[in-house]
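**Student:** Give me the fold of what follows.
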Amino acid sequence: MEFHIITLFPEMFDSPFRGGMIGRAIEAGLVAIKPHPLRPFGLGNYKQVDDQPYGGGSGMVMRPEPIASAIDAVMAECPMLWRILMTPQGAPLTQAKVRELASRASGLLLIAGRYEGVDDRVRAMVDEEISIGDYVLSGGELPAMVLIEAVARLIPGVLGNPDSIEEESFSAGLLEYPQYTRPEEFRGARVPEVLLSGDHGKIRAWREAEARRRTEQRRPDLLGRRKT
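**Tutor:** Numbering: from 1, shown residues only. This is a model prediction of the structure:
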């Protein structure tokens, strides 16, 4: 699957994906991350990409022309890409949305804004807008990386054990149950006996109950959104 990113800082997408799971997926040809620098599409001798906002206000706003030209150039090469604007005003990125995006085998085009945001007319140039949380960052590059990480790990062959996806937090609408490994006792805290019992039925029931209990304590809002 290909991830294309329109950004003022393409170098930001180099080192974060060199190692680990995504790095191995890139080497195996399962994932391709292709940043497209916005600056060459800027206006005039100085390749301007931003300007003062109409109506006054602090900061600068990204002009629509360079972004439109960059989108057109990328789409001319890959016309089936799904276009996403990374913005705090977008719909929340959820695991359900991640699964939906992972099914778009034609690939994704992510637009990373900067400054005070993008000219509102850019919104007509994308298929959807996505936010990674109710807070503001300096640009859309880090949110784009989060989306890439979340989506890429669902692509077949990327994870060593694909069955683990089904038991992760949010996959079933609940937080994940507590996890333990060796030693059996650490600083006075013991691993729950049921996990040492070898009774897979009891272990499964304990995990389901713990997942619900933890969700009720930490994220009760998730329970109201569960489909089952």
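
**Student:** quick one, what contacts the closest residue to residue 66 other than its chain neighbours?
**Tutor:** Closest residue to residue 66 apart from its sequence neighbours, by C-beta to C-beta, 6 or more residues apart in numbering: residue 41 at 4.2 Å. (Each C-beta comes from the backbone N, C-alpha and C, glycine too.) By C-beta atoms under 8 Å, 6 or more residues apart in numbering, residue 41 lies in contact with 47, 49, 65, 66, 67, 69, 70, 73.

**Student:** and the helix or strand encompassing the fifth one, what other elements does it pack with?
**Tutor:** Right, the one you point to is residue 67. Using DSSP states H and E, residue 67 sits within helix 64-77. Secondary-structure packing of helix 64-77 (3 or more C-beta pairs under 8 Å, 6 or more residues apart in numbering; DSSP states H and E): strand 2-7, strand 32-37, strand 108-112.

**Student:** which other residues reach the shortest one?
**Tutor:** With contacts defined as C-beta under 8 Å, 6+ apart, strand 108-112 is touched by 1-8, 67, 71, 74-75, 78, 81-86, 101, 118, 122, 126, 139-141, 143-144, 147-148, 151.

**Student:** Would you list the strands that it pairs with, along with their directions?
**Tutor:** Take DSSP bridges as the rule and strand 108-112 pairs in its sheet with strand 2-7 (parallel), strand 82-92 (parallel).

**Student:** Quick check: which of these is nearest to residue 159?
**Tutor:** Among the strands paired with strand 108-112, the nearest to residue 159 by C-beta to C-beta is strand 2-7 (16.9 Å).

**Student:** so for that closest one, what's the average pLDDT?
**Tutor:** Average pLDDT, strand 2-7: 98.

**Student:** Please apply the same query to stretch 208-222.
**Tutor:** Average pLDDT, stretch 208-222: 95.

**Student:** Now do the buried residues in it.
**Tutor:** By neighbour count with 16 or more other C-beta atoms under 10 Å, stretch 208-222 contains the buried residues 210, 211, 212, 214, 215, 222.

**Student:** Cool, thanks, signing off.
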